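**Student:** below are the sequence and a predicted model for it; my questions follow.
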Amino acid sequence: MAKKKSGGGGGANWMDTYGDMVTLLLCFFVLLYSMSTVSEDKWKAIVQSFNPAGTPTNMDEVFGGEGPSAEYNEQGGVFDNPDASAQEEIDTIIEDLAAAIEQMVAQEGLESAIQVDLNGGKVYVTFSDMLFFTGDSYAIQPQGREVLSKLCAILDTAKDAIDEIRVQGHTAQAYANQRNPVEGDRRLASNRATEVVIFLQENSSIHPARLISEGFGQWRPISSNATGESRAHNRRVEMIITGVDLDEAELNDILAQYITRSDEDGGLHSVNGTN
């Protein structure tokens, strides 16, 4: 008996699926091309073709009134400057802030007491302790208050682009072969940074939630402690002014929540109660 031939005809079925896929891809790219010059009527027609029961959305609400070719910032709005991104505008403000501080330092003849650097969207301002404090004191001297007053006025001009201001207090190791007493060392550094932050909070419009004080004691030196001159370099207050980074949207949202909550709870007003 002759063997029956096995059934055939299904070997080319994959070509049908492949052809359907190519057709769908072609339709997809045609759709993308058509949307590159889409009018409002065409946009509504496309939306209704996908959802006949839906309500067409005005293109002004979708594209901010500028059409699909407009540029947008991270918050969904049109850039104030169509030729630059919102982040570029912020970076420019921070650069101008650094330049303004440098100009103030030059006008006051304080180049030997204040150093200003701009790096990575941050402005680093280093103050020698002799400008602000005497001996083991953390009370700000009159000259230091004058400088901080001028600095507050400059900070106010850039407040919308400032994410936070971090003030760091440092001490020097008094003796080359002996560490400073821990408690006094840490407290002095922290109190000096805190005094500067208090001055900023009372004399600038920077929101208090954006002001941070830190004390490092003798543990982050920038010079040796072998001589009096090198120890003087280590006794310092540093201010790090950070510009807003729109790529860190989640962190910005968290800080915004703190600011909103503190304002709603009376954080900017005098209240009676226990801290």
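**Tutor:** Yep, it's here. For clarity, every value in this text was computed on a predicted model and none was experimentally measured.
**Student:** low-confidence ranges, the stretch 151-275 of the chain, go.
**Tutor:** 228, 230, 249-275 (pLDDT under 70).
**Student:** where exactly do the strands run in it?
**Tutor:** Ranges of strands in the stretch 151-275 of the chain, per DSSP state E, counting those that start in this stretch, are 162-170, 211-217, 236-243.
**Student:** how about the CA coordinates for the last one, as CSV?
**Tutor:** What follows is strand 236-243, C-alpha atoms only, in CSV (Å, rounded to 0.1, in the frame of the first residue of the first chain):
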residue,chain,number,x,y,z
ARG,A,236,36.8,78.9,57.4
VAL,A,237,33.1,79.1,56.5
GLU,A,238,32.0,77.7,53.1
MET,A,239,28.8,78.5,51.3
ILE,A,240,27.6,76.2,48.5
ILE,A,241,24.8,77.7,46.4
THR,A,242,23.1,75.0,44.3
GLY,A,243,21.0,75.9,41.2
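**Student:** that strand vs strand 162-170, what angle?
**Tutor:** 170 degrees (axes from the mean of the first three to the mean of the last three Cα atoms, to 10 degrees).
**Student:** can you list the strands that strand 236-243 pairs with?
**Tutor:** Paired neighbours of strand 236-243 in the sheet (DSSP bridges): strand 122-128 (antiparallel), strand 162-170 (antiparallel).
**Student:** which residues touch it?
**Tutor:** With Cβ atoms under 8 Å, 6 or more residues apart in numbering as the test, strand 236-243 has contacts from 90-91, 93-94, 97, 121-129, 132, 155, 161-170, 192-193, 196, 222. (Glycine included, C-beta is placed from N, CA and C.)
**Student:** what do you get for the shortest one?
**Tutor:** Surrounding strand 211-217, the residues in contact under the criterion Cβ under 8 Å, 6+ apart are 164-171, 180, 182, 185-194, 196-197, 200-201.
**Student:** narrow those residues to those in helices?
**Tutor:** Counting by DSSP state H, the part of the contacts of strand 211-217 found in helices is 182, 185-194, 196-197, 200-201.
**Student:** which among the residues you listed end up buried?
**Tutor:** Among these, those classed as buried by 16 or more other Cβ atoms under 10 Å are 185-194, 196-197, 200.
**Student:** Ala153: what's it in contact with?
**Tutor:** Ser204.
**Student:** and it, how close does it get to Ile240?
**Tutor:** Counting by Cβ to Cβ, to the nearest Å, the gap from Ala153 to Ile240 is 19 Å.
**Student:** likewise for Met130?
**Tutor:** Following Cβ to Cβ, the distance that separates Met130 from Ile240 is 21 Å.
**Student:** likewise Ser204?
**Tutor:** Ser204 is 16 Å from Ile240, by Cβ to Cβ.
**Student:** higher neighbour count, the two?
**Tutor:** Applying other Cβ atoms under 10 Å to Ser204 and Ile240 shows that Ser204 carries more neighbours, namely 21 against 16.
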